[in-house]
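A.B. asks: turn this into a structure:
(2 chains)
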Amino acid sequence: MDMQQQIEQVKTRIQRAIAHSYVDRYIQPRIIDEDRISFALSMLRSAQVEENIALDHVFAMMLIQLALDTHDEVDEQQMMQQRQLTVLAGDLYSGLYYEFLARRHDISLIRRFAEAIKEINIQKIRLQQLSSDDLERFHCIAVIESALLRQLAKHVHAHEWGELAYYLFALKRVHRDGAKSTALMDYIDHCQRKLQDLLPFHVHEEVKERFSHLLV
Amino acid sequence: MKLKAMYSFLNGDLNRIEEQLKITVQTSDPLVNEASLHLLEAGGKRIRPVFVLLGGQFGTYHFEKMKRVAVALELIHMASLVHDDVIDGAMLRRGKETIQAKWGDRFAMYVGDYLFARALEQMCEIDDPVAHHILANTIVEVCRGEIEQISDKYRFDQNLRRYLQRIKRKTALLIAASCQLGAVVAGAPEAVHKKLYWFGYYVGMSFQITDDILDFIGTEKQLGKPAGSDLSQGHVTLPVLYAMRERTLKEQIMKVNEHTTNLEMANVIDRIKQTNAIEKSYELGDRYLQKALDTLQKLPRNRAWTALYNIAKYIGKRKY
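C.D. replies: Reported below is the predicted structural model:
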């Protein structure tokens, strides 16, 4: 299977796993981040993880990502029923990740991802307390965006990929948020320089191409 | 006899679990610590850890292992309470401000997810695929049950089977899993841990039915909320299903919606109480309780057996 086919397979599996006739009526269709899937698959390929196992790892990781993203959407402004189901959908996706890995008896990966969920939520809480010009924000954002990938990198002993994820996904998020400040521009510059150092190692062309717009 | 006295031989271990809960939720962020301790200090019966420890007495009781499972289950329960308060928009729990009331919805979501992660970390100290499979399955089913509870609101065409399935997922499964997991981790034979599962399941069903009855017959002081709150919020519980067997009352109940006034609701509740719905509900609750006690008869007798017997009896008789 080529990379695009693998990405599609992971997406299809996720859509099947989270499909719920009632919930789907009230919450927006979930957006599954192909960049993350592609990055993770490249990392696992480079770590010589067997294709089926790699697809399972990425499937589980993306379920958690969806759970966390869904909980980010919980908002006082939502209609009652929509808010309730947003909470429960996120809880359900978290449960599905655990159930899936428990079925595979992959306790060490459950532990890795639990560590990432813990880190991410601590940093989300921390981020809420920081002022908009606090430089610590960038570290929080980088952890929030990369912790799952970094834990997966640790799991397969692909440590350089963890560092790469830290800068790449932080950069992607600050680009997406689009805020402009001197501190932010400095941070973008810092990430780009780090990435110039990190990217020459064995990253697949698909990944380079996918993220090339962030490096300009 | 008071509930705690029924398992006083576990006091030392329960205190150590309480300590472990405090240690487990600690982190470098002071606000996360404050929120987690706020939850822990609100108390609670810690009934899930009690069931884990009692289940463990049917195998080779190894406290360090029991502790991990008990802490994991209590943290999962706490995480679900934090998220439930967001779902219900609740301001108070056990007389204390809820996390969402104090810090907002988004913050509560993060604290709940943080506690869930901490629970899994604890559970990962247990290298037993069966235990993980049971817990994971329970978590998923509980979530599905909560979604069902929302989809079934104001649905007066539902039947008894649907109600029983919902309370199974909402309450009984986590109690069943608590009883079973203690025994699984203690290496008890499958025949034993499966019986403990069924004991917990029947007790959980009886407990929830009693809860649903008390919602009608309890006082506002006992319940901490106005009587009949479940129906006001659209939850169709067992007494309502039985009361709807009376045709004229059924018509009145089916008109209940978000806009029903307090006065109209008081009238509906009074009419439900005048039927035999409460009595019939007690009968079904008792049948589940009897099944729990029958299941217990098939288990070896020890002090945990006696405690489980007394707890089941206590749950059957509780008034609030």
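A.B. asks: and the residue of chain A most remote from its centre, what does it touch?
C.D. replies: Computed with CA atoms, centre = their mean, the residue of chain A farthest from its C-alpha average is A:Met80, at 27.8 Å. Applying CB atoms under 8 Å, 6 or more residues apart in numbering or on different chains, we find A:Met80 in contact with B:Gly89. Placement of C-beta: from N, CA and C, glycine included.
A.B. asks: what score does it have for pLDDT?
C.D. replies: For A:Met80, the pLDDT comes out at 89.
A.B. asks: repeat that for B:Gln100.
C.D. replies: Note for B:Gln100: predicted pLDDT of 93.
A.B. asks: and it, how far from B:Gly43?
C.D. replies: For B:Gln100, the distance to B:Gly43 (CB to CB, to the nearest Å) stands at 19 Å.
A.B. asks: which of these two has more residues huddled nearby?
C.D. replies: B:Gln100 (27 against 10; other CB atoms under 10 Å in any protein chain shown).
A.B. asks: is it true that the more buried one lies in a helix?
C.D. replies: Yes - counting by DSSP: H, G, I helix; E, B strand; the rest coil, B:Gln100 is found in a helix.
A.B. asks: with adjacent residues omitted, what lies nearest to it?
C.D. replies: B:Ala108 (3.9 Å; CB to CB, 6 or more residues apart in numbering or on different chains).
A.B. asks: which of the helices or strands spans that neighbour?
C.D. replies: Taking DSSP states H and E as the definition, B:Ala108 sits inside helix B:105-123.
A.B. asks: how far is the helix or strand harbouring A:Ile141 from where the chain is centred?
C.D. replies: Here A:Ile141 sits within helix A:136-155, counting by DSSP H and E. Mean-position distance between helix A:136-155 and its chain equals 8 Å (CA atoms, centre = their mean, to the nearest Å).
A.B. asks: pLDDT of that helix, averaged?
C.D. replies: Average pLDDT, helix A:136-155: 96.
A.B. asks: and that helix, what does it pack against?
C.D. replies: Packed against helix A:136-155 by the contact rule (3 or more CB pairs under 8 Å, 6 or more residues apart in numbering or on different chains; DSSP states H and E) you find helix A:34-46, helix A:51-72, helix A:107-129, helix A:159-177.
A.B. asks: do the second one and chain B come into contact?
C.D. replies: Yes - under the criterion of CB under 8 Å from any CB of the partner chain, chain B is reached by helix A:51-72 at A:67-68, A:71-72.
A.B. asks: nearest spatial neighbour of A:Val49, chain-adjacent residues omitted?
C.D. replies: A:Val156 (5.6 Å).
A.B. asks: then B:Tyr114?
C.D. replies: The shortest distance from B:Tyr114 to any non-neighbouring residue, by CB to CB, 6+ apart, is to A:Asn121 (4.0 Å).
A.B. asks: if I look at that neighbour, how far off is B:Tyr110?
C.D. replies: From A:Asn121 to B:Tyr110 the distance is 4 Å (CB to CB).
A.B. asks: tell me which element residue 11 falls in.
C.D. replies: Since you didn't name a chain, this refers to chain A. Here A:Lys11 is assigned to helix A:3-18, by DSSP H and E.
A.B. asks: not quite, go with chain B.
C.D. replies: Per DSSP H and E: helix B:11-25 holds B:Asn11.
A.B. asks: now for that helix, which elements pack on it?
C.D. replies: Counting contacts by 3+ CB pairs under 8 Å, 6+ apart, helix B:11-25 packs against helix B:30-41, helix B:47-56, helix B:63-88, helix B:105-123.
A.B. asks: out of those, which one sits most buried?
C.D. replies: Of the helices and strands packed on helix B:11-25, the one with the most neighbours on average (mean count of other CB atoms under 10 Å in any protein chain shown) is helix B:47-56, at a mean of 28.
A.B. asks: tell me what angle that helix forms with helix B:11-25.
C.D. replies: On the basis of axes from the mean of the first three to the mean of the last three CA atoms, to 10 degrees, helix B:47-56 is oriented at 130 degrees to helix B:11-25.
A.B. asks: tell me the angle helix B:47-56 makes with helix B:63-88.
C.D. replies: 150 degrees.
A.B. asks: nearest to B:Ala176, of the helices and strands packed on helix B:11-25?
C.D. replies: helix B:47-56 (8.9 Å; CB to CB).
A.B. asks: for that closest one, packing partners?
C.D. replies: Against helix B:47-56 (3+ CB pairs under 8 Å, 6+ apart) you get helix B:11-25, helix B:63-88, helix B:173-185, helix B:190-217, helix B:303-317.
A.B. asks: which stretches of chain A have low pLDDT?
C.D. replies: Scanning chain A for pLDDT under 70 picks out the ranges A:179, A:200-203, A:216.
A.B. asks: make it 80
C.D. replies: Within chain A, the stretches with pLDDT under 80 are A:132-133, A:178-185, A:198-209, A:212-216.
A.B. asks: what's the answer for chain B, then?
C.D. replies: B:1, B:43, B:94-95, B:220-227, B:316-320.
A.B. asks: B:Lys273: what's its closest spatial neighbour, skipping adjacent residues?
C.D. replies: Per CB to CB, 6+ apart, closest to B:Lys273 is B:Phe216, 6.1 Å.
A.B. asks: get me the contact residues on the stretch 101-250 of chain B for chain A.
C.D. replies: Checking the stretch 101-250 of chain B against chain A by CB under 8 Å from any CB, the hits are B:104-107, B:109-114, B:116-118, B:120-121, B:123-124, B:127, B:129, B:132-133, B:135-137, B:139-140, B:142-144, B:146-147, B:150-151.
A.B. asks: ok so, going back, which ones are touching the residue nearest to B:Gln100?
C.D. replies: Applying CB under 8 Å, 6+ apart, one finds that B:Ala108 lies in contact with B:82-83, B:85-86, B:98-100.
A.B. asks: show me the two of those residues that sit farthest apart.
C.D. replies: Greatest spacing in those, by CB to CB: B:His83 and B:Thr98 (10.7 Å).
A.B. asks: thank you, goodbye.
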